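Visitor: sharing a sequence plus its predicted fold:
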Amino acid sequence: MIEIKNEFKTIQFALFFTNVDKKDERVYRFLLPKLLISSTNILSTKALMNRHLENLYGAQLYTKTEKHANLNVMSFMLTIVDPKIVLDQELARKAVQLLNDIFLNRTMFNEQIFEEEKRLLIEQWEALKDHKRAYANIEFAKSFYDTDLAAYPLSGTLEDIKKITLEDMISYYQSSFFDQDIKIVVNGNIDLLKEDISKHLLIKANDLNITPEFNFRKPHPLVKKQEKTQMNQAILKLGYVIPVYRFDPLYEAVLCLDTIIGGYPESRLFTEIRENQGLCYDISSNYDYYKGTIIVSSGVAKHQKDYALKEIIKVNQSFIDKPVTEEELEHAKAYLSHQIKSSLDHQSYMTKRSFFRSIFSDTTTTEQRLKNISKVSLEDIQKVSSMMVLDTTYVLYGGES
């Protein structure tokens, strides 16, 4: 168990179930957590579960399924008020018992809840074309990630979802759920509760020493895709390959470069494309340090889609003719440093950070991260910007469907 001692007014219990990501398991790992937190043997309906959480002084319980590198992570987080505040010495024990009931003391799953969650997910997929951003993200991923598993939906496909049965889900839970890496994090003012938690929490950590992989294919000749639909604007997606990963010596340089490209309101794309030329409603870039990619996203007026695309590409090519200035770099460093420092005020961030540090064997301290950012030079920026290759463009725009 990973313990984080601090003076937050709440205590978080977080459990992370991690395994190597597999296409045929995605639908299970997306739906199963929703079933687990919706009911237990005793709390057999969502209404009973919600009432029980209210009785625990408004405890918060949520789950999320995510992909990190080549790993699929199901996370569960239960947050309770510090028992000292409400003068209830039994609160921590009750919270731990709820976790035991969710994961261990289970002989049934509520079929009605399963069918409801399945139906909602099917409806989301069937209405996907009405949600233009989500649709554009999925279609872009198919072109950009190609045969990589990152192109496959985290929830599984509509076909996967329609085929799955409750019996399939129960079989996966019974055969595979505890046969994976399990990390447990307890975060809060826990000095007086440690013995109680250790005594009553029956779920045990399971360290499988899973090895994360940071890789992606080499850039291929530029792929251009445009698609019409019924909408009043256009959505642009540009995929760049930049082969620098999380623990590369140039990692912080790419963080700075991404910030300068489109990571904050003073970025080049925001300043030039949105403020100076008024070509877009929004624009941003995002660096994926697992894959070594930078993805630029923008929403523009449909009649300006082609011109806006050219201008975005031009801005991202401008680092050769118009190198990053000292002022741009210092502003980016200040922004990143502020983001890191302010994140330390958020309990959930600290909880997740401790998990990632463990799963990735990352011993980098906050102070070292800040120092690494401060050491990024203009030469580093020039080097990584020259490594950035435009690989895929995707445009979804208004027109006849």
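Guide: Right, received. Where do you want to start?

Visitor: how about stretch 172-188 as PDB, C-alpha atoms only?
Guide: C-alpha atoms of stretch 172-188 as PDB (Å, rounded to 0.1, in the frame of the first residue of the first chain):
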ATOM      1  CA  TYR A 172     -14.000 -12.100 -17.100                       C
ATOM      2  CA  TYR A 173     -14.300 -10.800 -13.500                       C
ATOM      3  CA  GLN A 174     -13.900 -14.300 -12.000                       C
ATOM      4  CA  SER A 175     -11.000 -15.300 -14.200                       C
ATOM      5  CA  SER A 176      -9.000 -12.200 -14.800                       C
ATOM      6  CA  PHE A 177      -9.900  -9.300 -12.500                       C
ATOM      7  CA  PHE A 178      -7.400 -10.100  -9.700                       C
ATOM      8  CA  ASP A 179      -4.800 -11.600 -12.000                       C
ATOM      9  CA  GLN A 180      -3.300  -8.200 -12.800                       C
ATOM     10  CA  ASP A 181      -1.200  -5.500 -11.200                       C
ATOM     11  CA  ILE A 182      -3.000  -3.900  -8.200                       C
ATOM     12  CA  LYS A 183      -1.800  -0.800  -6.600                       C
ATOM     13  CA  ILE A 184      -3.500   0.800  -3.500                       C
ATOM     14  CA  VAL A 185      -3.000   4.400  -2.500                       C
ATOM     15  CA  VAL A 186      -4.300   6.000   0.700                       C
ATOM     16  CA  ASN A 187      -4.000   9.800   0.700                       C
ATOM     17  CA  GLY A 188      -4.800  12.100   3.700                       C
END
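
Visitor: can you give me the strands in the stretch 51-200 of the chain?
Guide: For the stretch 51-200 of the chain, the strands defined by DSSP state E, counting those that start in this stretch occupy 60-68, 71-81, 181-188.

Visitor: kindly reformat these as a markdown table containing mean pLDDT, distance to Phe360 and mean neighbour count.
Guide: C-beta: built from backbone N, CA, C; applies to glycine. Putting those into a markdown table (pLDDT from 0 to 100; distance: least, Cβ to Cβ, whole Å; neighbours: other Cβ atoms under 10 Å) gives the following:
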| stretch | mean pLDDT | distance to Phe360 | mean neighbour count |
| --- | --- | --- | --- |
| strand 60-68 | 97 | 9 | 16 |
| strand 71-81 | 97 | 9 | 21 |
| strand 181-188 | 95 | 12 | 22 |
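
Visitor: Lys23: which of those strands is closest?
Guide: strand 71-81 (10.2 Å; Cβ to Cβ).
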